[in-house]
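>>> Need coordinates for the following:
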Amino acid sequence: MTAKSNKIKEPEKEKKEKLISIKVDGRLASSTKKVLGGEAITAGTFKFFPFLLFIAFLAFIYIANNYYAENKVRDINHLHKELKELRYEYITSKSELMDLGKQSRIAGRLSNKGIKESREPVKTLKIPSDK
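The predicted structure is shown next:
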């Protein structure tokens with residue numbers, strides 16, 4: 001009889017293990033059903049609703065701040081490029097003006113109009129001081 005009882009008891013243990021796994025799966029299934037059905041949301045989250053609104057507000061502020069910062073970075077990069085171009089234009093204009101202000105350039109432009117450069121040195125006048 002002991003051999004039969006041993007054989008009968010072993011399948012019962014397997015059935016209990018199967019039942020335990022089914023119960024665990026049953027809890028999982030029931031909790032999934034509650035979440036998907038909306039029972040979990042209606043039952044417990046109303047007390048957390050102000051907190052969820054606060055978190056959503058912070059997320060909105062974070063996204064808006066990131067967007068604002070990226071726009072500022074783009075504007076700064078654009079202004080740096082514009083400043084670099086203006087600096088190059090300034091340097092070019094300054095060198096052209098210095099070139100046009102040379103005595104030889106001025107003499108060349110005035111010779112076309114009939115004005116000639118003086119070959120005599122400048123005469124200086126000395127004024128006596130009354131001391």
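>>> Give me the longest helix you can find in this structure.
Longest helix of the chain, by residue count under DSSP state H: helix 49-100.
>>> Following element in sequence after that helix, please.
helix 103-111 (DSSP states H and E).
>>> From the chain's centroid, how far away is that next one?
Helix 103-111 sits 56 Å away from the centroid of its parent chain (CA atoms, centre = their mean, to the nearest Å).
>>> next one: stretch 60-68
10 Å.
>>> same thing with stretch 52-59?
On CA atoms, centre = their mean, the centre of stretch 52-59 falls 22 Å from the chain's centre.
>>> Kindly report the same for stretch 84-96.
So, by CA atoms, centre = their mean, the centroid of stretch 84-96 is 32 Å from its chain's centroid.
>>> how about low-confidence regions in the protein?
Along the chain, segments meeting pLDDT under 70 span 1-26, 40-45, 131.
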